[in-house]
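*Asks:* the following comprises the amino acid sequence and a computationally predicted model.
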Amino acid sequence: MACSVHSGAHMASIGHIAVGMAAARGLLPAGVQRRRLVGAMAALSLLSLLPDADVVAFALGIPYGAPWGHRGASHSLAVAVLVGTAAAIAAPRVGLARARAGLVVLGVVASHGLLDALTDGGLGAALLWPFSHARLFAPVRPLPVAPIGSGMLSPRGLFVVAVELFAFLPLWLYALWPRRAALRRTA
C-alpha cells in the first residue's frame, strides 16, 4: 500500500513508548524507588521515540525519501549503536553498569526502525544506513501506519491506536504490573 507523507508514515508511538517503559522495568532492579523507575521509563520512552526527531526534515525541505528524511538515517541500526555507546559511556554517572545500559539503550533505539518496518505504509526504514540507503520493510507488516498530526483524532487514527494498544499489551502489562516487592508492602 503506497502512502503519502501527509497521510501518515509512522507508528502511533504507543508501541515505541511501551518498548521504552518495559525496557526500563527490565533494566532496573526490583527494589528500585518508584521515582527512579518512572524517570527511567520516561527516559527510555523518549529514547524509543528519538529516531522520529527526523520529522524536522519536513520543515527543512528535505524529501521524505532522502537519506536524512523521515525514516532515514535516524532509524538505522548504526545510529542505535552510536546512541547505545553514548549511553554506556554515561551509565556510571547514573549508577548503572555500562554494558547493560548500553545494550538496553541500543535495543530500545533499534526497536524503533524495526517496528516501523512492520507498518503497512510509508517508504520503509533505512535500517542499514550508512551501508545502504534502501528503505526496508519486514516480510510481514501487521501494524497499520498512523496518520500524522491531528489525523490521529480521526477514525483511522483511533483504529491505529487500538491496534497498537492490543499489539503491545504484553509490554504494557510487564511495564505497569506491580512487582512482588510492591505487592508485599501493600499486603
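*Replies:* It's in. Numbers count the residues shown, from 1 in each chain.
*Asks:* ok, Val83 touching Leu106?
*Replies:* Yes: with contact defined as C-beta atoms under 8 Å, Val83 reaches Leu106; the gap is 7.2 Å. Where C-beta positions appear, they are placed from N, C-alpha and C, glycine not excepted.
*Asks:* for this structure, which segments count as helices?
*Replies:* 14-27, 34-49, 56-59, 77-90, 98-116, 155-167, 169-176, 180-186 (DSSP state H).
*Asks:* got the contact list for the shortest one?
*Replies:* With C-beta atoms under 8 Å, 6 or more residues apart in numbering as the contact definition, helix 56-59 has outside contacts at Val5, Tyr64, Ala66, Trp68, Gly69, His70, Gly72.
*Asks:* most widely separated two among the residues you listed?
*Replies:* Val5 and Trp68 (14.5 Å; C-beta to C-beta).
*Asks:* remind me which residues of this structure are low pLDDT?
*Replies:* The chain contains residues with pLDDT under 70 at 1-9, 180-187.
*Asks:* check the spacing between the closest residue to His75 other than its chain neighbours and Ala125 real quick.
*Replies:* Once flanking residues are discounted, His75 sits nearest to Gly113: 3.6 Å by C-beta to C-beta, 6 or more residues apart in numbering. In this view, Gly113 and Ala125 are 4 Å apart by C-beta to C-beta, to the nearest Å.
*Asks:* which neighbours do those two share?
*Replies:* Joint contacts of Gly113 and Ala125 (C-beta under 8 Å, 6+ apart) are Arg71, His75, Ser76.
*Asks:* export those to JSON lines and tack on distance to Phe166 and neighbour count?
*Replies:* Listed next are these as JSON lines, based on distance: C-beta to C-beta, whole Å; neighbours: other C-beta atoms under 10 Å:
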{"residue": "Arg71", "distance to Phe166": "24", "neighbour count": "29"}
{"residue": "His75", "distance to Phe166": "24", "neighbour count": "29"}
{"residue": "Ser76", "distance to Phe166": "28", "neighbour count": "25"}
